[in-house]
Every structure is written in C-alpha cells, then in structure tokens.
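K.L.:
Give me a 3D structure for the following:
(chains A and B)
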Amino acid sequence: MKRSLTRKITNILALTLSVAATGVGLLFLGAILWTLLKNGLSGMSLHLFTQMTPPPGAAGGLLNAIFGSAVMTLIGIAVGAPLGVLAGTYLAEYGGDSKLSAVIRFVNDVLLSAPSIIVGLFVYQIVVVPMGHFSAIAGALALAVIAIPVTVRTTEDMLRLVPQGMKDASTALGAYPWRTTLSVIYPAARSGILTGLLLAIARVSGETAPLLFTALNNQFWSRDLNAPIANLPVVIYQFAQSPYPEWQQLAWSGALLITLTILALSIFARIVVSALQPARRS
Amino acid sequence: MDQATAFVIEPRHAARQRLGERIFKGATLVAAVLVLVLLGGVTIALIKGAWPALSHFRLEFLTRQVWNPVTEKFGALAPIYGTLVTSIIAMAVAIPLSFGISIFLTELCPAWLKRPVGVAVELLAAVPSIIFGIWGMFVFAPILQRHVQPWLIDHLGPLPGVGLLFQGPPFGIGILTASLVLAIMVLPFIASVMRDVFETIPDVLRESAYGLGATTWEVIWKVVLPYSRTGVVGGIMLGLGRALGETMAVTFVIGNAHRVSTSLLAPGTTISASIANEFTEAVGDLYTSSLIALGVLLFLITFAVIGAARLMLRRLDRKALAAV
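P.N.:
Now for the predicted structure:
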C-alpha cells in the first residue's frame, strides 16, 4: 500500500516537473520575442528601408545593411544550393550504400553542426588573405559553405521520399538514370527541394560569426562585391555594443527584422512540407 | 505497327543518352566529393594559419594563461577553460529541461497541443544566435545582476568550497550568465532530438509496461529511456557540440577577460568569443595566428564531439534531424 503511494507521488512529481520544463522553455521563447517586438517595433519606420546606417549620434536607417545581407545571401545560395542539390542527388540516386556515400554523409552531418566561426576563419584564410582585403564576395562564399551541408541533407531526404515505383516506371520506359532524375524525380520532389532552399536561406541569413572577418562591415552604400559590405548581422553586433541610443535602437529594429524573416521562412517551409505529406499518403 | 517502331532506340539517341548520363553522374559525384574537400580544406587552411603560433609557443600555448598582445605572449588556457566551463554548466541546465520538454511532448501532451508546442520549440531553435546575445546583454544580464547574483553571493558565497564559485561583485555579465544563455539556446536542439528519439519507440513496448501496471513515469524511466539510450546521449552530445562552438550568444555576455577565475560570476572568455572579439583588431602575424590556433583547438574539440554524436544518432530516422 505504502509502496504504491510512493510510486504515485513520484509519478505526479516527475510529470509536473516535465510540464514545468515545457513552461520554462516556452517562457523564454515568449520573453525573447516580446523583447524583440517591444524594442524593435518602436524603431520600425520607412526610414529603416530608405536611409543608410548613420554616424554615431545621428538618425538613420539600415538600407545598406539590408541590401548587403540580401546580396550576400543571394550569391551564397546561388553558389551553395546547386552544389548541395547535386551532392544530395548523388547520395540519393547513385551512391546507395557504398562506403564513399557513408563517409560523405557522415562528414556532411558533421559540417552541418560545425561552429560557423570556423567557416569564417576558413574563408578568411583562403579568400581574404590572398585578396588582401575583406570583401562581399568572401562573405558570400562563407555563407555558401554554410548553405551546402543543409541543402545536401534536405535534398537527399526529399529525393528518397519519391516512390520507387515512379523511378522503376521511368527506367522501364528505357530512360537512363539522369533522364529519370531530371524528368521524373526532380519534378516529383520539387516542393521538397524548395523547402530545403528556404531552410538554407533561413539558416544563412542570421549567421553573424562567419561574416565578421570576411565581409566585415561598411558604413556606406556599396555595390562593389570586391569591397567590404554592410550587412544586418554585423551591424546589429556592432550597434548593440555601442553606447549610442540611436545605434542601439537600429540594432533592435534590425534584430526584429532578421528574426521575423527567419521565422516566416521556417513557418512557410513547414507549411510546404505538411502540404506535401497528405498527398504522399493517399 | 507505327507505335512499335516509335519505341526503337536510335543508336545516335542512345549515344547522347549515355553521354548525358556520364556528364550528370560525374557532376553529382564531383559535388558530393566537394563535401569531403571542404572538410579537408578547412583542416589544412586552419593548420596553415595557426602554424606560426603553434611552432612558436609549442605546448605552452595550451597551458599558459597569459594573453598579451603588447608583449606578443599568447596562451589558450583561459579560453579553453571558459569554453569547457560554460558548456558544462549549460548542459547541466539544459539536459533536465530538454528531457522534461521531450517527455511532455511524447508522453503527456494532448494531441491538439502537440503540434503547436512542438513547432514553438523548433522556432526557438531557428532564432539566430545573435538574438540570444543581445537579449542576454540587455534583458537577461541585468535581471541576473539585480535579483539573482546578489542572492548567490550572500547565501552561497560564505559556504566553504561551493562559496568559491560565487565570489566578487555581481557584474551581470560573466561565465554564469553566458552559461545560462547558452543553456536556453541549446535547449530546443536537444529537446527536439530527444523527442524524435522517443517517438521511434514502438508503442507496443509502452503498452506492455502500462499493462503490467506501471505508472507513466515508470514507463518513461524504465522502458522509454533504456530503449533509446544511444539516441538520447547522441542528442546531448549534439547539443554539447553547439554549446562549445557557439559564438554570438556568448560574446555579448561573457565579458571577454582572458583569465581563469574560480568564481562563476567573474567575466571570462571562450575560444569563439575571443576570436569574434579580437580577430579584426589583431595586429601582427603572431596575434592573428594565435587566434587561428584557438580556432584549430575549437575545431578539434567540436568535431570530436559532433562526430561521436552523429555516430550515435546514425540509426535514427534521418529526416527528423535535418534542421539540427
């Protein structure tokens, strides 16, 4: 009798703690989003998108930083995504269970969770040092290196979702594997691959550490890929640590902007995935 | 008859198909091997950059605490210490919390709540680390400074032994604050891996345990956890890998002081925070090279941890881990 009471109490205690842990986790998410909204919204105005980052003590916007981030993300994805999709295709369609694929898969998974500051040091060594200066192109390459493992992984997973029957049917019609891949598998996995791209963009657009010593920063408007370029994460990093209220305000607005973009991308990617799943099942 | 002739493959057409096959397959293979080249390239580039410092300081680099750009004496002891201590405290806080969240999601949560809470946890994982950094600096550190740290100093400080951890003034920023921000950051990663691991357990195991009269907690502790041990440890190691290498969330709140102090309330530094803070301002080859040497250390530590984690998680359904 006593023993069963202890068991019941332990049970209730443990389950209560588990609910409490979930509460704590959600509390922090709420706290962070609330702070972002509270501090970021007050600085949200059209100026943010029409004016350049200001000198200390003056008002301004984030136009050059938004532009720089967009350019580097675009180039980074344009370089990284095709490579990632091709590598993912190899793993899903050609590599099979070979030793090489196993090694590539493992290394890719390790790269996926590797600290991004290492990528920054790597690109600094192979691009910035030989060129002799920081540049937008170095920043874009650092982002590409981060985007590759994400796209490899999602592409392989999405291609594997395509039913074997479809591939067999194409092969039975006499198509070579490359034809099957291009004309049957890719179209069937289109939304899945798109989701992978969205996730890669989301992952890349918040990265700060790899840009610190590749793209650096630029106070002015720059379209020169061969020169340092302003970008949201590094501007947030520098402005938040400054003593000037105007800069801190811009940092919060930038932070809100990035977070909303990333959350929107992740939610959109999730919707695409869940729209896919029921169709598969039927 | 016309239909039958249409299916005959012309030799020219077949040759083109074979060429296309060779090109396409070659392109995918090159891209796949590029992943290996990336890892190799990172290794070579980092060691090359770190070589001047490593050959100059040799093993002393690992054991010395001094970090003086003026006299060009650099030792990695303080950053290594900071990296390990912040990660260990972060894991000590994050593991029980993530375990709680994952059992809530898999065993307790009503079906209608499962998706929203799960998505919320995953969204927390998607928030970029710099956001945790500025939130930590502007919101979390002041709260700790005003309400938590004075209490720790007054009540735990005088105790023998443990008291050494809680000495000095409440700075707000420091090792403890950085550890807690890290804990909040890795929490969703570990929780979502654990949840995915728990979900792979066949229902029949749970049901037989319930059938024998086990309570929910006993099912979790005696059936679910032993069955999924490897995956759980893998998830924890993956979180540890994150914590060790995390840069932006830590840089804002650690104080960037190259010193090893017993007090958790004192400012310190980590490997990644030192690199982020000092790299662009480093003058002189030896200074830059020492920072890259720190990068090599971080590379070795995190890759060992992440590699082990991935091996443990290999058997798990891969799709669930894509975002982590």
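
K.L.:
Skipping adjacent residues, who's closest to the spatially most central residue of chain A in space?
P.N.:
The centroid of chain A falls nearest to A:R203 when counting by CA atoms, centre = their mean (1.0 Å). Closest residue to A:R203 apart from its sequence neighbours, by CB to CB, 6 or more residues apart in numbering or on different chains: A:V150 at 5.5 Å. For glycine as for every other residue, the C-beta is placed from the backbone atoms N, C-alpha and C.

K.L.:
Report the secondary structure state of that neighbour.
P.N.:
helix (DSSP: H, G, I helix; E, B strand; the rest coil).

K.L.:
Quickly note the distance from it to A:S113.
P.N.:
Between A:V150 and A:S113 the computed distance is 11 Å (CB to CB, to the nearest Å).

K.L.:
Same check on B:F99?
P.N.:
For B:F99, the distance to A:S113 - CB to CB - is 20 Å.

K.L.:
same thing with B:A76?
P.N.:
B:A76 is 23 Å from A:S113, by CB to CB.

K.L.:
who has more neighbours, these two?
P.N.:
Shown here are B:A76 and A:S113; by other CB atoms under 10 Å in any protein chain shown, B:A76 has more neighbours (27 against 23).

K.L.:
Could I get the contacting residues of that one?
P.N.:
Residues in contact with B:A76 (CB atoms under 8 Å, 6 or more residues apart in numbering or on different chains) are B:F61, B:L62, B:R64, B:I271, B:S290, B:A293, B:L294, B:L297.

K.L.:
Go again with 6 Å.
P.N.:
B:A76 sits next to B:F61, B:L62, B:L294 when contact means CB atoms under 6 Å, 6 or more residues apart in numbering or on different chains.

K.L.:
Surely the last one touches B:S272?
P.N.:
No: B:L294 sits out of contact with B:S272 when judged by CB atoms under 6 Å, with a separation of 8.4 Å.

K.L.:
where exactly do the strands run in the stretch 151-282 of chain A?
P.N.:
Along the stretch 151-282 of chain A, no segments are classed as strands by DSSP state E, counting those that start in this stretch.

K.L.:
Point me to the residue of it nearest chain B.
P.N.:
As assessed by CB to the nearest CB, chain B sits closest to A:G206 within the stretch 151-282 of chain A, at 2.5 Å.

K.L.:
where does the closest residue to that residue other than its chain neighbours fall, phi/psi-wise?
P.N.:
Counting by CB to CB, 6+ apart, B:P128 is the residue found nearest to A:G206 once chain neighbours are left out, at 2.5 Å. Main-chain torsions, B:P128, degrees, to the nearest 10: phi -70, psi 150.

K.L.:
shared neighbours of B:L294 and B:S272, anything?
P.N.:
By CB under 6 Å, 6+ apart, no residue touches both B:L294 and B:S272.

K.L.:
so how far is A:G206 from A:A81?
P.N.:
17 Å.

K.L.:
ditto for B:W151
P.N.:
34 Å.

K.L.:
Pull the number of nearby residues for the nearest residue to A:G196 once chain neighbours are set aside.
P.N.:
With CB to CB, 6+ apart as the criterion, A:G196 has its nearest non-adjacent residue at 3.0 Å, and that residue is A:T154. Neighbourhood size, A:T154 [other CB under 10 Å]: 27.

K.L.:
where do the helices sit along the stretch 1-150 of chain B?
P.N.:
B:2-6, B:11-57, B:60-63, B:77-103, B:111-126, B:129-135, B:141-143, B:149-155 (DSSP state H, counting those that start in this stretch).

K.L.:
rank those helices by pLDDT, which is bottom?
P.N.:
Mean pLDDT is lowest for helix B:2-6 among the helices of the stretch 1-150 of chain B, at a mean of 51.

K.L.:
Show me which residues of the stretch 51-200 of chain B sit near chain A.
P.N.:
Within the stretch 51-200 of chain B, the positions near chain A by CB under 6 Å from any CB of the partner chain are B:97, B:100-101, B:103-104, B:120, B:123-124, B:126, B:128, B:130-131, B:134-135, B:139, B:184, B:187.

K.L.:
Just the element for the residue nearest the centre of chain B, please.
P.N.:
Among the residues of chain B, the one closest to the centroid is B:R242, at 0.7 Å (CA atoms, centre = their mean). Assigned by DSSP states H and E, B:R242 belongs to helix B:229-245.

K.L.:
Can that helix be said to contact chain A?
P.N.:
Yes: using CB under 6 Å from any CB, helix B:229-245 reaches chain A at B:G241, B:G245.

K.L.:
so how far is that helix from its chain's centroid?
P.N.:
Helix B:229-245 has its C-alpha centroid displaced from the chain centroid by 7 Å (CA atoms, centre = their mean, to the nearest Å).

K.L.:
after that helix, next one along is what?
P.N.:
Taking DSSP H and E, what comes next after helix B:229-245 is helix B:248-251.

K.L.:
Just the buried positions in that next one, please.
P.N.:
B:M248, B:A249, B:V250, B:T251 (16 or more other CB atoms under 10 Å in any protein chain shown).

K.L.:
quick one: contacts for A:P56?
P.N.:
A:Y244.

K.L.:
How about the secondary structure of it?
P.N.:
A:P56 is classified as coil under three-state DSSP.

K.L.:
Can you give me the pLDDT of it?
P.N.:
88.

K.L.:
Okay, now the unreliable bits of the stretch 101-250 of chain B?
P.N.:
By pLDDT under 70, the stretch 101-250 of chain B has no low-scoring segment.

K.L.:
what's the neighbour count on residue 120?
P.N.:
Using chain A. Using other CB under 10 Å: A:G120 sits among 31 other residues.

K.L.:
meant chain B, my bad for not saying
P.N.:
16.

K.L.:
follow-up on the earlier one: isn't the residue nearest to the centre of chain B right up against B:V186?
P.N.:
Yes: taking CB under 6 Å as the definition, B:R242 is a contact partner of B:V186 at 5.0 Å.

K.L.:
and B:M91, how many neighbours does it have?
P.N.:
By other CB under 10 Å, neighbour count at B:M91 equals 22.

K.L.:
Then the one 5 residues further on?
P.N.:
Here the neighbour count serves as a burial measure; for B:P96 (other CB under 10 Å) it reads 13.

K.L.:
which residues touch the closest residue to it other than its chain neighbours?
P.N.:
For B:P96, ignoring the flanking residues on the chain, the nearest one in space by CB to CB, 6+ apart is A:A21 at 7.0 Å. Applying CB under 6 Å, 6+ apart to A:A21 gives the contacts B:L97, B:G100, B:I101.

K.L.:
can I assume A:A21 sits in a helix?
P.N.:
Yes: under three-state DSSP, A:A21 sits within a helix.

K.L.:
Could you give the number of residues near the closest residue in space to B:R314 that isn't next to it in sequence?
P.N.:
Using CB to CB, 6+ apart and skipping residues adjacent in sequence, the residue nearest B:R314 is A:F106, 7.9 Å away. Counted with other CB under 10 Å, the neighbours of A:F106 add up to 15.

K.L.:
can you check B:V233 too?
P.N.:
With other CB under 10 Å as criterion, B:V233 counts 15.

K.L.:
Now for the closest residue to it other than its chain neighbours, how many residues are close by?
P.N.:
Leaving out its chain neighbours, the residue that sits closest to B:V233 by CB to CB, 6+ apart is B:M312, at 5.8 Å. For B:M312, the count of nearby residues is 19 (other CB under 10 Å).

K.L.:
so how far is B:A27 from B:M312?
P.N.:
Taken as CB to CB, the span from B:M312 to B:A27 is 33 Å.

K.L.:
follow-up on the earlier one: tell me the most packed of the contacts of B:A76, by neighbour count.
P.N.:
B:L294 (29 neighbours).

K.L.:
Quick one: residues contacting that residue.
P.N.:
Applying CB under 6 Å, 6+ apart, the residues near B:L294 are B:A76, B:P79, B:I271, B:S274, B:I275.

K.L.:
quick one, what contacts the spatially closest residue to the second one that is not a sequence neighbour?
P.N.:
To tie it back to what came earlier, the one meant is B:P79. Once flanking residues are discounted, B:P79 sits nearest to B:I271: 4.5 Å by CB to CB, 6+ apart. Taking CB under 6 Å, 6+ apart as the contact definition, B:I271 lies against B:P79, B:T83, B:L294, B:L298.
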